[in-house]
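J.: Would you be able to build a 3D model of this:
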Amino acid sequence: MKIEIDLTFDRKYFEEIYYKDFRTSYFKSPSTKVPFRNLLLGTITLIVFYCYARYKDTYGLFIVGVIIFATLLWSYLAALNTIIKWKKSIVAYLDREEKYEKNKIILSDDYFTLIQDSNEVIEHWSNFKHAEITETHMRLEAKETFLIPKSCMTDAEYELLKHTISDKMK
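T.: You can find the predicted model right below:
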């Protein structure tokens with residue numbers, strides 16, 4: 001068996017997969033949602049402590065509020081930093097992939113081969129650790145991770161690839 005599938009690379013196909021579900025949102029991302037909510041609550045608490053301190057002319061509680069606020073701000077900025085680094089790595093990856101003019105997958109009985117211009121990545125089927133197949137894309141994990149959007153090929157080719165990968169991963 002030897003199946004060849006030509007892939008059409010379009011940056012937007014990959015961006016739809018990587019950037020879905022608010023993953024790059026600074027406020028709604030799964031990794032920043034809780035720290036941002038805590039930061040908002042900390043800000044409200046700090047304002048209340050400040051008003052109390054001005055009213056009673058004692059600033060002990062306000063200082064505690066500032067320390068809590070600084071801790072919450074640090075937590076949010078750390079989560080934000082991971083999103084910024086992840087986003088930069090995705091942009092760099094897509095820039096690198098965009099330079100290739102020829103993208104092809106070759107499936108044989110023993111190997112999965114990805115050809116990009118003169119670069120060739122060959123993985124034995126036994127090297128694959130995990131395969132995630134959805135309606136929009138496939139993610140194959142071996143020594144490298146392969147992300148293959150459904151939009152890069154025809155529906156028939158996607159179904160063929162899906163069945164082949166399912167058979168080989170058993």
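
J.: longest helix anywhere in the protein?
T.: Criterion DSSP state H: the longest helix present in the chain is helix 60-98.

J.: for it, what is the average pLDDT?
T.: On average, the pLDDT along helix 60-98 is 94.

J.: ok, and for it, which residues are buried?
T.: For helix 60-98, the neighbour count (16 or more other CB atoms under 10 Å) marks Phe62, Gly65, Ile68, Phe69, Leu72, Ser75, Tyr76, Ala79, Leu80, Ile83, Ile90 as buried. C-betas here are computed from N, CA, C, even on glycine.

J.: in this structure, which spans are helices?
T.: Assigned by DSSP H, the helices in the chain fall at 11-18, 33-56, 60-98, 155-168.

J.: Redo those helices as TSV? Include distance to Met138.
T.: Shown next, in TSV, are the helices of the chain (distance: least, CB to CB, whole Å):
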stretch	distance to Met138
helix 11-18	10
helix 33-56	28
helix 60-98	16
helix 155-168	7
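
J.: between those, which one is nearest to Phe128?
T.: helix 155-168 (7.5 Å; CB to CB).

J.: just to revisit the earlier point, Pro149: which of the buried residues of helix 60-98 is nearest?
T.: Closest approach between the buried residues of helix 60-98 and Pro149, by CB to CB: Ile90, at 13.7 Å.
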